[in-house]
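Trainee: below: sequence and its predicted model.
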Amino acid sequence: MDNPRWLAYRGVMDTTAVTIPDLGGRTAIVTGANSGLGVETTRVLARAGARVVMAVRDEERGRAAADGVEGDTEVRRLDLADLSSVRAFADRWRGDVHLLVNNAGVMAVARGRTRDGFETQFGVNHLGHFALTNLLLEHVTGRVVTVSSDLHRRAQGVHFDDVNLERGYTPYRAYAQSKLANLLFTLELQRRLEAVGSPVLSTAAHPGYAATNLQSHGANPVSRWLLLLGNRVFAQSPADGALPTIFAATQDVPGAAFAGPKAMGGTRGAPALASRSEAAWDGRAAKRLWALSEELTGVSFPLRSVDPT
């Protein structure tokens, strides 16, 4: 990335600055930008000069969040639980996207279905972003950053024979699968970009343990109460939790890089390159997931200079 001037951003609790290039003249899209990590990511990118499109399900809440952001922002509706909304968002898009941040997500919610019939967490966290990325990819000139979680380690693999977890659904089992899917998507997207000679990078990040409203929507009331208590006592701020995303979006990292906090077992602190599970490095599973995702969404990789298979 061009770096004609540099800014320093500091989270509330972290003391190590992350240098951020001047993003003047660049456009970023951040999904789920009306609260938590999304609005903090928006705040940093806008402060660095980017025009940030805040892609949100609730436009009223999005506009309220945008009012608290200094810089150039625009709110547009996007419901990742509805593929027709994803297609409508992409169809309306004009111009380049320097940075696409796939940030929105749901965590450990009760069993449910998206409008298209997919298990909610797999549908929103993975399939919605899979479709959005591929529908916008011809416009992307810089990076695609997908927010995963260190809880991806709980998943031994994607349940290809039962991806909606009809057998044995638990909220955290579904969440872990969706976050593993995020990393496999990042891996296969990078492979495909390289195969067609694209300069675009696919990277990923996780926030560690950050206090956001994700923890307030869990299906289990006891687990929800414990997480909210942890938010008060142990978690880092949403501003600090957004730093790995900013790191993956702006720093000199390789394709398929995964960023996260480097202190206290990856739960907090300054961002750095992070490790992932062996399942998240499985190239065969990544290809299989991509094929399944294309089948389920009806959306395919749009760049065809070289056959990526």
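Mentor: Thanks, I have it.
Trainee: put the alpha carbons of stretch 169-184 into CSV.
Mentor: The C-alpha atoms that make up stretch 169-184 are tabulated as CSV, following Å, rounded to 0.1, in the frame of the first residue of the first chain:
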residue,chain,number,x,y,z
TYR,A,169,-26.8,-28.8,17.0
THR,A,170,-25.3,-26.7,19.8
PRO,A,171,-24.8,-23.0,19.6
TYR,A,172,-21.0,-23.1,20.1
ARG,A,173,-20.6,-26.1,17.7
ALA,A,174,-22.3,-24.1,15.0
TYR,A,175,-20.3,-20.9,15.8
ALA,A,176,-17.0,-22.8,15.7
GLN,A,177,-17.9,-24.3,12.4
SER,A,178,-18.8,-20.9,10.9
LYS,A,179,-15.5,-19.4,12.1
LEU,A,180,-13.5,-22.3,10.7
ALA,A,181,-15.4,-21.7,7.5
ASN,A,182,-14.2,-18.1,7.5
LEU,A,183,-10.6,-19.2,7.6
LEU,A,184,-11.0,-21.8,4.9
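Trainee: please identify the buried residues of that stretch?
Mentor: Buried residues in stretch 169-184, counted by 16 or more other CB atoms under 10 Å: 171-184. In short, each C-beta sits where N, CA and C put it, glycine included.
Trainee: same question, stretch 80-95
Mentor: Using 16+ other CB under 10 Å as the test for burial, stretch 80-95 gives 80-83, 85-87, 89-90, 93.
Trainee: show me those residues that map onto helices.
Mentor: In this view, those that belong to helices under DSSP state H are 83, 85-87, 89-90.
Trainee: Throw those residues into a markdown table and include distance to Arg268 and pLDDT, thanks.
Mentor: Below are those laid out as a markdown table (distance: CB to CB, whole Å; pLDDT from 0 to 100):
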| residue | distance to Arg268 | pLDDT |
| --- | --- | --- |
| Leu83 | 35 | 98 |
| Ser85 | 34 | 98 |
| Val86 | 33 | 99 |
| Arg87 | 38 | 98 |
| Phe89 | 33 | 98 |
| Ala90 | 35 | 98 |
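Trainee: how about the buried residues of stretch 80-95, which pair is most distant?
Mentor: Greatest spatial distance in these: Ala81 and Trp93, 19.5 Å, computed using CB to CB.
Trainee: would you map the helices across this structure?
Mentor: 36-47, 59-66, 83-91, 120-121, 129-136, 171-195, 221-233, 238-241, 243-250, 283-297.
Trainee: out of the ones you listed, which comes closest to Ala28?
Mentor: helix 36-47 (5.0 Å).
Trainee: contacts only, for the closest residue to Tyr209 other than its chain neighbours.
Mentor: Using CB to CB, 6 or more residues apart in numbering and skipping residues adjacent in sequence, the residue nearest Tyr209 is Thr267, 4.2 Å away. Applying CB atoms under 8 Å, 6 or more residues apart in numbering to Thr267 gives the contacts 150, 208-209, 234, 236, 261.
Trainee: mind listing which of those residues are in strands?
Mentor: The strands in this structure, assigned by DSSP state E, contain Pro261 from those.
Trainee: among the contacts of Thr267, show me the least confident.
Mentor: When the contacts of Thr267 are sorted by pLDDT, the bottom entry is Phe234 at 60.
Trainee: measure Thr42 to Val30 for me?
Mentor: Distance from Thr42 to Val30, counting by CB to CB, to the nearest Å: 5 Å.
Trainee: any common contacting residues for the two?
Mentor: Overlap of the contact sets of Thr42 and Val30 (by CB under 8 Å, 6+ apart) consists of 52, 54.
Trainee: between these two, which one's more packed in?
Mentor: It is Val30, of Thr42 and Val30, that has more neighbours when counted by other CB atoms under 10 Å, with 33 against 29.
Trainee: test my guess that that one contacts Val44.
Mentor: No: the pair Val30 / Val44 is not scored as a contact, 10.1 Å apart, by CB atoms under 8 Å.
Trainee: most neighbours out of the contacts of Thr267, which is it?
Mentor: Most surrounded of the contacts of Thr267: other CB under 10 Å gives Pro261, at 28 neighbours.
Trainee: could you find the closest non-adjacent residue to that residue?
Mentor: Among residues not flanking Pro261 along the chain, Gly208 sits closest, at 3.7 Å (CB to CB, 6+ apart).
Trainee: where's that neighbour relative to Thr146, distance?
Mentor: 16 Å.
Trainee: cool, Gly157 as well?
Mentor: For Gly157 relative to Thr146 (CB to CB), the value is 18 Å.
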